[in-house]
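Asks: I would like the atomic coordinates for the input below:
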Amino acid sequence: MKVSIHFEEKQIEDLRNRICCTRVPKALKSGNWELGVDDEYMECLLSCWRHRYDWTKKEKELNQYPQFTCELDGMTIYYFHIPGSRKDALPLLLTHGWPDSFLRYAKIFPLLSEFDLVVPSLPGFAFSTLPPQGFINNTKVADLWHRLMTEILGYKEYAASGGDMGRGVTCYLAAKYPQEVKGIHLTDVGMAWDLINAPDEKLSPAELDYKRRANDWLRTEAAYINIHSTKPQTLAYLLSDSPAGMAAWITEKYHAWSDWELLSMDDLLDCLTLYWMTNTACTSIRAYHGNTFTLPPLGKITVPTAIAAFPYDVLPVPMEWVQKNYPVIQYTKMPRGGHFTALEQPERFAANVSQFMNLIS
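Replies: Below you'll find the model as predicted:
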């Protein structure tokens with residue numbers, strides 16, 4: 001079914017009223033992000049969200065591109081399906097992660113106009129629903145995406161790209177459907193648990209440095225994973241009822257995981273508004289439960305793989321480890337950018353993807 005995005009003015013006004021009624025926490029004015037989201041930045045963000053920000057601009061921009069929904073396994077799946085100019089080119093499936101959405105890729109829609117682009121919302125994220133059990137994992141999403149590409153859209157072959165949770169989905173696609181998935185493009189490779197758990201004396205200097213950085217990150221930054229995985233419904237009340245609470249929870253991650261100066265406040269407010277209006281900040285985190293408790297081991301990846309390594313991403317894994325564990329045919333060290341890749345560096349991301357697509361075509 002063809003659809004478009006539209007939020008009513010009364011919804012926007014309700015959001016503004018809720019922001020107006022925010023009760024801010026008592027806090028020491030630290031001027032930094034050491035203990036979580038910075039209070040001065042949050043004050044500015046909330047003021048801008050209430051008084052200046054205009055969602056209709058983003059809505060108009062997105063509605064230039066064809067959007068659809070379909071029903072798969074009892075779920076409504078929302079996706080962009082944008083035809084490309086090259087009929088001989090492989091189609092490209094792009095999968096986002098948390099705490100972002102299809103907006104991660106919106107800036108590159110016009111930059112990858114050669115290729116058919118398919119950009120779905122993960123189950124539980126904007127406009128896509130969860131299955132009846134209330135959670136899903138990456139391998140199940142990979143099955144859904146494969147059916148979307150082959151059964152719904154009729155493609156015989158395709159390429160896939162992803163980061164964060166989207167990286168996991170993309171890897172399961174490659175492992176499970178190597179005949180149809182002709183190549184994958186990744187912006188991260190997740191956690192290298194074999195390095196984290198290895199004795200120090202078995203590791204190279206680069207691997208030992210990664211192990212130390214990873215253990216520090218797990219100690220100081222990873223509490224959100226435990227909360228999302230074990231008690232998502234408790235957190236859901238905050239994320240669904242308070243724009244300020246939701247904004248704080250998400251904005252802190254954008255600051256910690258990005259090349260912060262590359263993101264505008266409107267980039268953040270686009271993300272926050274989409275989550276708020278669809279009431280999916282609460283359901284998006286359910287994927288952590290599924291991936292923590294129900295995800296099977298990943299099979300061997302044999303399809304051609306590209307890695308775009310962004311320097312400010314979360315825990316970049318040493319190149320030597322990546323090349324041992326993936327059939328890498330293109331490895332690029334990006335000069336700028338972090339976890340939100342195409343949102344932060346759209347031109348460089350698009351050029352890197354295009355280069356890889358031409359290699360495997």
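Asks: So which residue is smack in the middle of the protein?
Replies: Gly97 (2.2 Å; CA atoms, centre = their mean).
Asks: where's that residue relative to Gly166, distance?
Replies: According to CB to CB, to the nearest Å, Gly97 and Gly166 sit 5 Å apart. All C-beta atoms are positioned from the backbone trio N, CA, C, and that covers glycine.
Asks: Can you pull the residues that touch both of the two?
Replies: By CB atoms under 8 Å, 6 or more residues apart in numbering, Gly97 and Gly166 have these common neighbours: Leu122.
Asks: Look at the closest residue to the residue nearest to the centre of the chain other than its chain neighbours and say how many residues are nearby.
Replies: Spatial nearest neighbour of Gly97, excluding adjacent residues (CB to CB, 6 or more residues apart in numbering): Asp164 at 2.4 Å. Using other CB atoms under 10 Å, the number of residues around Asp164 comes to 23.
Asks: Equivalent analysis for Leu92, please.
Replies: By the criterion of other CB under 10 Å, Leu92 has 25 neighbours.
Asks: wait, it sits on Leu117?
Replies: Yes: if you go by CB atoms under 8 Å, Leu92 and Leu117 touch, sitting 5.6 Å apart.
Asks: Pull the contacting residues for the closest residue to Phe125 other than its chain neighbours.
Replies: Leaving aside its chain neighbours, Phe125 sits nearest to Ser284 (4.8 Å; criterion: CB to CB, 6+ apart). By CB under 8 Å, 6+ apart, Ser284 lies in contact with Trp98, Pro99, Leu122, Gly124, Phe125, Tyr275.
Asks: now the most far-flung residue of the chain relative to its centre: how far from Ala192?
Replies: The centre of the chain is farthest from one residue, Glu201, which by CA atoms, centre = their mean lies 35.1 Å away. Using CB to CB, we find Glu201 at a distance of 17 Å from Ala192.
Asks: Next step: the contacts of Ser284 restricted to helices.
Replies: Using DSSP state H, Tyr275 are the members of the contacts of Ser284 that sit in helices.
Asks: Go through the contacts of Ser284 and name the one nearest Cys171.
Replies: Using CB to CB, Leu122 is the member of the contacts of Ser284 that lies nearest Cys171, at 14.6 Å.
Asks: Give me the distance between the closest one and Phe340.
Replies: 15 Å.
Asks: Ok, Pro304 next?
Replies: Using CB to CB, one gets 25 Å for the distance from Pro304 to Phe340.
Asks: With Arg286 instead?
Replies: 21 Å.
Asks: Those two: which is more packed in?
Replies: Under the neighbour definition other CB under 10 Å, Arg286 and Phe340 were set side by side, and Phe340 has more, 30 against 24.
Asks: Quick check, pLDDT for the closest residue to that one other than its chain neighbours.
Replies: Using CB to CB, 6+ apart and skipping residues adjacent in sequence, the residue nearest Phe340 is Ser258, 5.4 Å away. Among the per-residue scores, Ser258 shows a pLDDT of 98.
Asks: I figured Ser258 hits Thr341, correct?
Replies: No: with contact defined as CB under 8 Å, Ser258 and Thr341 do not form a contacting pair (9.5 Å).
Asks: For the stretch 201-350 of the chain, which segments count as strands?
Replies: 305-309, 328-333 (DSSP state E, counting those that start in this stretch).
Asks: As JSON lines, these with mean neighbour count would be great.
Replies: Formatted as JSON lines, these follow (neighbours: other CB atoms under 10 Å):
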{"stretch": "strand 305-309", "mean neighbour count": "24"}
{"stretch": "strand 328-333", "mean neighbour count": "14"}
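Asks: can I get those in CSV with distance to Ala236 and mean pLDDT?
Replies: CSV is the format used below for those (distance: least, CB to CB, whole Å; pLDDT from 0 to 100):
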stretch, distance to Ala236, mean pLDDT
strand 305-309, 33, 98
strand 328-333, 38, 98
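Asks: could I get these as TSV with distance to Glu347?
Replies: Shown next, in TSV, are the strands of the stretch 201-350 of the chain (distance: least, CB to CB, whole Å):
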stretch	distance to Glu347
strand 305-309	13
strand 328-333	14
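Asks: And these: which comes nearest Gln233?
Replies: strand 305-309 (35.4 Å).
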